[in-house]
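Colleague: fold the stuff below for me.
(one chain, ligands or ions: 1)
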Amino acid sequence: MNKRTSLTQYLVEKQRNDNALPAELRLLIEIVSRACKTISHAVSKGALGEVLGSLETENVQGEVQKKLDVISNSVLLEANEWGGHLAAMASEEMETIHLIPNRYPKGEYLLLFDPLDGSSNIDVNVSIGTIFSVLKAPTDSSGREIAESDFLQAGCSQVAAGYAIYGPQTMLVLTVGDGVVGFTLDREMGSWVLTHNNITIPADTKEFAINMSNMRHWAPPVKRYVDECLAGKTGTRGKDFNMRWVASMVTDIHRLLMRGGIFLYPWDAREPNKPGKLRLMYEANPMSMLVEQASGMATNGYDRILEVKPSNLHERVSVVIGSKNEVARVTQYHHEAK
Ligand code: P6P
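Modeller: As a prediction, this is how the structure comes out:
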């Protein structure tokens, strides 16, 4: 049997060999990975676990909360409170930041997460996932209470990012800033096994992901790009394209990390005051770090997402992400239309 590398061994060797992984960051990743195993177990129960369906409550986004949204959020909070590695947490499901209770020691990292992305797919058994982003607390924050403003750092400040995808396999995809690796959950042993070393996105693709029902609301550069894809061999692109839309960002991004592709959730005229639907801090930023680390590209149509300076914790952003040459093309179309 091939020698299998566990997540723990991968992290220990990275810490020992490259000294690129501080002990507290290694602990953080191991704790988050353990929480994702717990979430995977809850998700996999489905109707058998009485975890399906919605609650009467709405989250800060004004979206009806699913039972599993709240369960997943609680799992991540409880798993990360006591370890001494975090200064605070922030979640899509919580309006304000979550401070570490005084009974526990505090660390130097800030953890942000979308505990269960793609919630609309939960009740219909389509892949969903957990997205997480890790920042360092500002050096001047030691000795004082962490504030929301301490989280408002551009995505290029992230020290780690990743997601777990709860699909036919449960996988953990991770970067600590030197490439992207993937681990598959061995349910019999309960361990994460390294199965994808050095994930790299092809620069070109024939596959685009966008919610086509919004076509009449798109800005001209997006319409231009998608029309060219639809024209296929008969048009300027000279090749046919395929389309996918799972409506779980984790799943659509995982696919393009595995085989290339471009994912777009752009600004549209339905709510013109919103830059887009997806959230910058705990969806677009972690995914952009992963994609750039895998030789892809991520912009808001005009600028690199990782350089967007956040103004609030739950702000939204337009997202164009994936195979470098396709994202560059869409971004060029936006600049030409200015
Ligand atoms: P739509 C899920 O709710 C999510 O935030 C992303 O995971 C996904 O890409 C997007 O929204 C789907 O949005 O408008 O197609 O339902």
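Colleague: so residue 85 touches residue 29, yeah?
Modeller: No - using Cβ atoms under 8 Å as the test, residue 85 is too far from residue 29 to be in contact (9.5 Å). Heads up, the C-betas are built off the backbone N, CA and C, glycines and all.
Colleague: what helix or strand does residue 9 sit in?
Modeller: helix 7-13 (DSSP states H and E).
Colleague: for residue 89, that is, sorry about that
Modeller: strand 86-91.
Colleague: strand partners of the helix or strand following that strand, parallel vs antiparallel please.
Modeller: Downstream of strand 86-91, the first helix or strand assigned by DSSP H and E is strand 98-99. Strand pairing for strand 98-99, determined by DSSP bridges: strand 86-91 (antiparallel).
Colleague: so what's residue 8 up against?
Modeller: 30, 191 (Cβ atoms under 8 Å, 6 or more residues apart in numbering).
Colleague: how about the residues of the stretch 1-150 of the chain by the ligand?
Modeller: By Cβ under 6 Å from any ligand atom, the residues of the stretch 1-150 of the chain that approach the ligand are 117, 118, 119, 120.
Colleague: okay, buried residues for stretch 93-106 please.
Modeller: 93, 94, 97, 98, 100, 106 (16 or more other Cβ atoms under 10 Å).
Colleague: just give me the closest of these to the ligand.
Modeller: Nearest to the ligand out of those is residue 93 (Cβ to the nearest ligand atom; 12.4 Å).
Colleague: the closest residue to the closest one other than its chain neighbours and residue 282, how far apart?
Modeller: Of all residues not flanking residue 93 in the chain, residue 73 sits nearest, at 4.3 Å (Cβ to Cβ, 6 or more residues apart in numbering). For residue 73, the distance to residue 282 (Cβ to Cβ, to the nearest Å) stands at 12 Å.
Colleague: so for the two, which residues contact both of them?
Modeller: Joint contacts of residue 73 and residue 282 (Cβ under 8 Å, 6+ apart) are residue 91.
Colleague: about what we covered before: is the residue nearest to residue 93 in contact with residue 90, as I believe?
Modeller: No - counting by Cβ under 8 Å, residue 73 does not reach residue 90; the two are 11.0 Å apart.
Colleague: ok so, going back, and after the helix holding residue 9, which helix or strand comes next?
Modeller: Next along from helix 7-13, by DSSP H and E: helix 23-45.
Colleague: helices or strands next to the very next helix or strand once past that following helix in the packing?
Modeller: Beyond helix 23-45 in the direction of the C-terminus, DSSP H and E gives the next helix or strand as strand 54-58. Counting contacts by 3 or more Cβ pairs under 8 Å, 6 or more residues apart in numbering; DSSP states H and E, strand 54-58 packs against strand 64-66, helix 67-80.
Colleague: and the contacts of the strand holding residue 89?
Modeller: Contacts for strand 86-91 (Cβ under 8 Å, 6+ apart): 28, 73, 76-77, 80, 97-100, 106-115, 137, 141, 146, 148, 150-151, 281-282, 313.
Colleague: ok, of these, which come out buried?
Modeller: 28, 73, 76-77, 80, 97-98, 100, 106-115, 137, 141, 146, 150-151, 281-282, 313.
Colleague: enumerate every residue touching the closest residue to the ligand within the chain.
Modeller: As assessed by Cβ to the nearest ligand atom, the ligand sits closest to residue 249 within the chain, at 3.4 Å. By Cβ under 8 Å, 6+ apart, the residues touching residue 249 are 117, 118, 131, 263, 265, 278, 283, 287.
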